[in-house]
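**Q** Output the structure for:
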Amino acid sequence: MLTPLGQSEGVINVDDWAEIRRLNRSEQMGVKAIARRLGLARNTVRSALAADVPPRYSRAPQGSRVDEFEPAIRRLLAEFPEMPATVIAEKIGWQHSSSVLRARVALLRPLFSPPDPADRTRYAAGEIVQCDLWFPGRVVPVAPRVFADPPVLTMVAAYSGFMMALLLPSRQAGDLVAGMWQLLAGLGGVPKMLVWDNESGIGQHRRLTVSARSFAGTLGTRIYQAAARDPETKGVIERANGFFETSFMPGRTFTGPGDYNAQLADWLPRANARMLRRTGQHPGALVVEDVEAMGALPPVAPTVGTSSRVRLARDYYVRVAGNDYSVDPTMIGRFVDIHTGLGEVVVTCAGTQVGAHLRSWSTHQTITDPAHVTMAAELRTAFQARTAATRGPVPAPGTAVGQRALSHYDEVFNLAAPPFPPTAPTLQVVR
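**A** Just a heads-up that it's a prediction; the model follows:
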């Protein structure tokens with residue numbers, strides 16, 4: 001029903017209330033004239049003219065089945081503020097709609113749970129760059145009819161909101177460090193702190209990996225890992241990841257990792273030219289002030305990527321991230337050093353490069369340098385010739401080669417006489 005106006009028993013809707021006031025103010029009509037035109041009681045008209053706000057619909061509360069259970073719910077929440085609504089329903093014997101009970105529990109729970117406010121964070125220029133991994137889905141072809149979901153390293157300068165991103169082959173420590181260095185080198189400065197979550201390639205339980213510690217030491221910065229289930233610590237990068245999902249990905253197709261990074265590099269300047277509500281400025285313009293407050297890049301680039309040492313086997317291939325890469329076969333039996341970067345796999349021996357390949361983002365692939373196959377064939381031919389010279393001449397095809405009778409071996413080793421005659425014919429083998 002509509003709330004009565006003034007002391008009159010009549011009720012009026014919003015349209016009539018607005019028309020009464022219009023007739024009175026615009027057309028200078030009196031109460032009697034308005035009442036006659038609209039067919040309303042005079043007291044209703046007077047109440048409408050006296051009311052400064054329109055009438056609103058009100059309804060008397062009808063009550064709910066859960067009302068009688070509310071005291072029991074309050075007692076449980078007072079003792080166990082985090083108790084789920086399903087457990088509360090079991091404790092109080094609720095047999096009706098679960099949605100009604102959940103709504104009442106949600107209304108009462110804040111009265112017993114201690115508040116956990118989150119303050120607004122203000123960032124200083126050059127202080128923090130937040131980092132994270134975002135996965136775009138299986139949209140990047142890495143081999144014919146093979147699509148992968150590699151991680152995208154996203155980094156945002158917290159003060160300016162300037163976004164950086166790079167698609168990586170994996171989430172291993174070597175690739176993460178190499179990606180961070182490439183983005184920071186492009187930015188032109190080193191912040192005082194790099195904020196990460198508990199990414200295993202960076203570290204876990206506040207203990208950084210060796211690669212992350214070496215990288216931070218070379219740059220003269222600090223890597224801080226946020227506590228678990230604390231998204232407010234790195235909310236800037238979390239919002240940026242959502243922006244990548246909704247603004248970069250829709251409607252795009254890719255031919256490979258290189259094409260993905262090319263499209264991303266073309267889109268980022270436009271994304272950083274938008275107005276950021278948090279700062280009221282364009283990140284692309286504000287980042288100048290951010291970089292000026294950062295530290296300088298180190299004079300010597302940090303060691304990034306992954307390095308390992310193995311002894312080269314006879315098949316002259318080394319395995320990196322599930323793929324096999326060929327090496328100069330003259331290095332067989334020697335130790336070789338394998339350095340894996342974001343785009344290349346380089347193999348050296350005693351400081352000399354003995355293999356270099358573009359890195360494959362797929363798995364179970366064999367990447368071969370034709371020059372290595374040719375060299376292997378030459379080495380194999382030379383080895384067989386040397387072996388033949390050591391063993392002597394090989395009989396020509398069709399030459400009869402005599403073999404001793406088996407009884408002769410019995411005589412040499414003083415064995416018992418064989419069950420067959422000692423004058424067995426000599427076997428002939430034709431090669």
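
**Q** Domains in this structure, by residue range?
**A** 65-111, 128-292, 306-374, 395-431 (automatic domain parsing).

**Q** So which residues of the stretch 1-150 of the chain form strands?
**A** Here the stretch 1-150 of the chain has its strands, by DSSP state E, counting those that start in this stretch, at 128-134, 140-143, 146-148.

**Q** tell me the most buried of those strands?
**A** strand 128-134 (a mean of 22; mean count of other C-beta atoms under 10 Å). All C-beta atoms are positioned from the backbone trio N, CA, C, and that covers glycine.

**Q** who's in contact with that strand?
**A** For strand 128-134, contacts defined as C-beta atoms under 8 Å, 6 or more residues apart in numbering pick out 151-159, 165, 171, 180, 184, 191-197, 199, 234, 236-238, 241, 244-245.

**Q** at 7 Å what do you get?
**A** 151-158, 171, 180, 191, 193-197, 199, 234, 236-237, 241, 244 (C-beta atoms under 7 Å, 6 or more residues apart in numbering).

**Q** Among these, name the buried ones.
**A** 151-158, 171, 180, 191, 194-197, 199, 234, 236-237, 241, 244 (16 or more other C-beta atoms under 10 Å).

**Q** Narrow those to those in helices?
**A** 180, 236, 237, 241 (DSSP state H).

**Q** Among these, which one sits closest to residue 411?
**A** residue 180 (79.4 Å; C-beta to C-beta).

**Q** which residues touch the closest one?
**A** 131, 153, 215.

**Q** next one: residue 169
**A** Contact analysis of residue 169 by C-beta under 7 Å, 6+ apart lists 150, 175, 342, 359, 361.

**Q** What's the separation between it and residue 151?
**A** 9 Å (C-beta to C-beta, to the nearest Å).

**Q** One more: residue 279?
**A** Taken as C-beta to C-beta, the span from residue 279 to residue 151 is 28 Å.

**Q** what do you get for residue 350?
**A** Residue 350 is 35 Å from residue 151, by C-beta to C-beta.

**Q** Same list (the strands of the stretch 1-150 of the chain) but as JSON lines, adding mean pLDDT.
**A** As requested, those are arranged in JSON lines below (pLDDT from 0 to 100):
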{"stretch": "strand 128-134", "mean pLDDT": "96"}
{"stretch": "strand 140-143", "mean pLDDT": "93"}
{"stretch": "strand 146-148", "mean pLDDT": "93"}
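
**Q** want to throw the ones you listed into JSON lines with distance to residue 87?
**A** What follows is the strands of the stretch 1-150 of the chain, written out as JSON lines (distance: least, C-beta to C-beta, whole Å):
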{"stretch": "strand 128-134", "distance to residue 87": "35"}
{"stretch": "strand 140-143", "distance to residue 87": "45"}
{"stretch": "strand 146-148", "distance to residue 87": "43"}
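
**Q** thinking residue 311 is in contact with residue 332, fair?
**A** No. Between residue 311 and residue 332 there is no contact under C-beta atoms under 7 Å: 9.0 Å.

**Q** Who has more neighbours out of the two?
**A** Using other C-beta atoms under 10 Å as the criterion, residue 311 and residue 332 rank with residue 332 on top: 16 against 10.

**Q** Next, the contact list for the more buried one, please.
**A** Residue 332 touches 312, 314, 316, counting by C-beta under 7 Å, 6+ apart.

**Q** Now do the phi/psi pair for it.
**A** Note on residue 332: backbone dihedrals following degrees, to the nearest 10 are phi -60, psi 130.

**Q** ok, it to residue 339 distance?
**A** Taken as C-beta to C-beta, the span from residue 332 to residue 339 is 20 Å.

**Q** Check which residues of whichever strand or helix holds residue 411 are buried.
**A** Residue 411 belongs to helix 406-412 when assigned by DSSP states H and E. Within helix 406-412, the residues that qualify as buried are residue 407, counting by 16+ other C-beta under 10 Å.

**Q** Where does pLDDT dip in this structure?
**A** Judged by pLDDT under 70, the chain has its weakly predicted residues at 1-10, 392-402, 416-431.

**Q** Okay, residue 222 and residue 128: tell me how far apart.
**A** Counting by C-beta to C-beta - residue 222 and residue 128 are separated by 10 Å.

**Q** what residues do the two have in common as contacts?
**A** Joint contacts of residue 222 and residue 128 (C-beta under 7 Å, 6+ apart) are residue 193.

**Q** hang on, the earlier thing: which of the contacts of residue 169 sits closest to residue 58?
**A** residue 150 (58.9 Å).

**Q** From residue 383, how far out is the closest one?
**A** The value you get for residue 150 to residue 383, if C-beta to C-beta is used, is 42 Å.

**Q** Those two: which is more packed in?
**A** Shown here are residue 150 and residue 383; by other C-beta under 10 Å, residue 150 has more neighbours (20 against 10).

**Q** next one: phi and psi at the more buried one?
**A** Dihedral angles (degrees, to the nearest 10) for residue 150: phi -70, psi 160.

**Q** if I pick it, what's in contact with it?
**A** Per C-beta under 7 Å, 6+ apart, neighbours of residue 150: 140, 167, 168, 169, 257, 361.

**Q** any idea whether the fourth one is helix, strand or coil?
**A** In this case it means residue 169. With DSSP: H, G, I helix; E, B strand; the rest coil as the basis, residue 169 sits in coil.

**Q** Could you measure from it over to residue 208?
**A** Residue 169 is 21 Å from residue 208, by C-beta to C-beta.

**Q** Check residue 42 too.
**A** From residue 42 to residue 208 the distance is 83 Å (C-beta to C-beta).

**Q** what's around the closest residue to residue 281 other than its chain neighbours, how many residues?
**A** Using C-beta to C-beta, 6 or more residues apart in numbering and skipping residues adjacent in sequence, the residue nearest residue 281 is residue 275, 7.2 Å away. Using other C-beta under 10 Å, residue 275 has 9 neighbouring residues.

**Q** just checking, residue 275 touches residue 285?
**A** No. Counting by C-beta under 7 Å, residue 275 stays clear of residue 285, with 10.3 Å between them.

**Q** the longest helix in the chain is where?
**A** helix 370-391.

**Q** Contacts only, for residue 78.
**A** With C-beta under 7 Å, 6+ apart, residue 78 has these contacts: residue 112.

**Q** cutoff 10 Å now
**A** Counting by C-beta atoms under 10 Å, 6 or more residues apart in numbering, residue 78 touches 108, 111, 112.

**Q** And the buried ones among those, selectable in PyMOL?
**A** Buried residues among the contacts of residue 78 (16+ other C-beta under 10 Å), as a PyMOL selection:
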select buried, resi 108+112
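
**Q** Can you lay out the contacts of residue 78 as TSV showing distance to residue 27?
**A** Listed next are these as TSV, based on distance: C-beta to C-beta, whole Å:
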residue	distance to residue 27
108	53
111	53
112	58
